[in-house]
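**Q** my questions concern the predicted model and sequence given below.
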Amino acid sequence: MKIKHIITTILLLFSSTFAVSQELTVESFYKDSEELSAVKHQVLDANEHPCALVIVNLPHYQLLFEGDVILSEYKGNNEYWVYMPEGSTWLRIKSPVARPLTFEFRLSLESLNTYYLNLQASGLPDISATNEEYVASFKQDKSSDDAETYATFDENNNMCALVKVRVAAYAQLFEGNIIKILPRTNEYWVYMPEGTNSLEIISTVAAPITYNFDKLKKGRTYIMQLYFKDAAYIPTSTSVKETPSTTLTAPQKTTFNYTNNTGIFHGPHFLGIVYSKEASNNSYEYGIRYGWYDFLIGWYVEGTIASSIIVNDYYAEYENRTTDNSGNIHLIASGMFGGNKFAASFGMGAALGFGENATGGFIIDAGLFYKGYDRYILSFNYNYTHYSYGSGHYLKIGIGYSW
């Protein structure tokens with residue numbers, strides 16, 4: 001037992017010494033006037049102005065960036081491309097295996113120019129490229145709704161699946177049917193379209209592998225755990241107390257073809273049916289609605305058929321006319337706004353009469369939408385309809401499906 005305690009103590013001391021000595025340093029920084037990548041692969045800032053490009057080089061290890069960063073991408077060959085607005089003066093660099101480094105540029109960055117920032121990592125072991133990387137597990141994470149909360153859509157406006165690739169500290173490049181990649185600490189969020197069944201993983205310290213899996217389902221989150229065989233030392237973020245912070249908000253201008261959506265629906269389109277009853281009379285509505293909803297705002301149009309509509313007492317008492325077989329077609333257009341679970345709506349429309357006691361009028365409608373199980377949407381509406389010969393107060397319930 002004493003020997004085990006001694007060995008454990010030695011290992012802990014070694015880990016502490018290792019953690020303290022892990023540092024990122026700048027080997028060189030310069031502008032390359034002959035490099036045209038910033039011109040050929042332009043990214044615009046929020047003011048529609050071309051960015052400067054900083055190519056950051058550090059062998060093997062994963063990096064994350066803070067500051068006035070518009071877009072950062074790992075391009076392979078130990079290079080990160082970091083797009084920054086003209087006039088930027090500093091960049092903060094983080095890694096799961098070293099303390100953060102804030103580097104101040106001697107001169108502010110210039111638009112459409114390419115800069116090289118070469119880093120060194122002291123206190124880290126030499127890495128061999130002979131390691132073998134393998135997928136230890138791949139499964140759906142049914143407890144996570146990240147694929148919905150931080151949704152990304154493919155070119156057909158269908159929600160992607162999210163594959164969280166977890167790996168200890170090393171830079172990785174992915175190929176295949178990929179919509180977007182977000183680097184996170186010790187993992188990468190890879191968004192892929194529904195039906196995708198393979199992913200190619202290219203590491204800086206191992207041979208490439210292609211992993212096949214069952215077809216992905218849209219809006220689902222999956223976990224892929226990577227490991228290395230026969231690696232002498234695999235550093236992790238536990239060696240460094242400060243966890244790099246990243247943002248899930250997409251830059252305003254990027255080279256990706258995707259749309260972020262954090263609204264109540266899985267996709268911008270939804271279709272539903274509605275049923276309602278007039279609050280105090282024998283009148284009913286049956287209808288269908290179609291709409292579109294993106295982050296915070298949206299709209300829908302609705303058409304219903306109302307039977308046995310309300311007319312005032314004048315006809316019933318003095319002309320002996322009833323509401324039997326009378327009806328309306330109701331047409332409503334509404335705007336929507338809301339968040340991740342709920343959205344409110346407000347709209348107006350018209351009632352067009354048909355039947356024995358046909359009458360027309362205008363409509364005011366207000367409602368509340370709620371995202372229920374999976375892709376199903378529940379709605380509750382209050383509908384005031386003012387006819388030529390009376391008024392109706394309808395309470396409506398609806399169910400819909402989003403895609």
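**A** Received the coordinates, thanks.

**Q** where does the stretch 201-350 of the chain dip in pLDDT?
**A** 230-268, 280-282, 294-296, 309-326, 339-340 (pLDDT under 70).

**Q** try 80
**A** Scanning the stretch 201-350 of the chain for pLDDT under 80 picks out 204-206, 228-268, 278-283, 293-296, 307-327, 339-341.

**Q** which stretches of it form strands?
**A** 209-212, 221-229, 260-261, 269-278, 284-293, 297-307, 326-338, 342-355 (DSSP state E, counting those that start in this stretch).

**Q** contacts only, for residue 110.
**A** Shown in contact with residue 110 (C-beta atoms under 8 Å, 6 or more residues apart in numbering): 31, 52, 86. For the C-beta atoms, the positions are set from N, CA and C on the backbone; glycine is no exception.

**Q** and for residue 348, the neighbour number?
**A** 13 (other C-beta atoms under 10 Å).

**Q** element containing the residue lying closest to it once chain neighbours are set aside?
**A** Spatial nearest neighbour of residue 348, excluding adjacent residues (C-beta to C-beta, 6 or more residues apart in numbering): residue 364 at 5.8 Å. Following DSSP states H and E, one finds residue 364 within strand 361-371.

**Q** helices or strands up against that strand?
**A** strand 326-338, strand 342-355, strand 376-387 (3 or more C-beta pairs under 8 Å, 6 or more residues apart in numbering; DSSP states H and E).

**Q** what angle do that strand and strand 342-355 make?
**A** 150 degrees (axes from the mean of the first three to the mean of the last three C-alpha atoms, to 10 degrees).

**Q** quick revisit: quick one: closest of the strands of the stretch 201-350 of the chain to residue 105.
**A** Distance to residue 105, taken as C-beta to C-beta, is lowest for strand 260-261 among those, at 30.0 Å.

**Q** just to revisit the earlier point, from the contacts of residue 110, which land in strands?
**A** 31, 52 (DSSP state E).

**Q** low-confidence ranges, the stretch 1-150 of the chain, go.
**A** 1-22, 122-132.

**Q** ok, back up a step: give me the contacts around the strand holding residue 364.
**A** Contacts of strand 361-371 (C-beta under 8 Å, 6+ apart): 264-265, 302, 330, 332, 334, 336, 338, 340-351, 377-388, 391, 396.

**Q** bridging residues for residue 377?
**A** Here residue 377 shows beta-bridge partners residue 371, residue 400, assigned using DSSP bridges.

**Q** if I look at it, how far off is residue 306?
**A** Remark: distance between residue 377 and residue 306 (C-beta to C-beta, to the nearest Å) = 23 Å.

**Q** between these two, which one's more packed in?
**A** Neighbour tally, residue 377 and residue 306, criterion other C-beta under 10 Å: the higher count belongs to residue 306, 27 against 22.

**Q** ok so, going back, can you say which of the contacts of strand 361-371 are buried?
**A** 264-265, 302, 330, 332, 334, 336, 338, 343, 345, 347, 349, 351, 377, 379, 381, 383, 385, 387, 396 (16 or more other C-beta atoms under 10 Å).

**Q** indicate which one of the strands of the stretch 201-350 of the chain is closest to residue 94.
**A** When these are ranked by proximity to residue 94 (C-beta to C-beta), strand 221-229 comes first, at 20.5 Å.

**Q** name the helices or strands packed onto that closest one?
**A** Against strand 221-229 (3+ C-beta pairs under 8 Å, 6+ apart) you get strand 132-140, strand 161-166.

**Q** for those strands, which one ends up most surrounded?
**A** strand 161-166 (a mean of 22; mean count of other C-beta atoms under 10 Å).

**Q** among the contacts of residue 110, who's most crowded?
**A** residue 52 (25 neighbours).

**Q** so that residue makes contact with residue 113?
**A** Yes - under the criterion of C-beta atoms under 8 Å, residue 52 makes contact with residue 113 at 5.3 Å.
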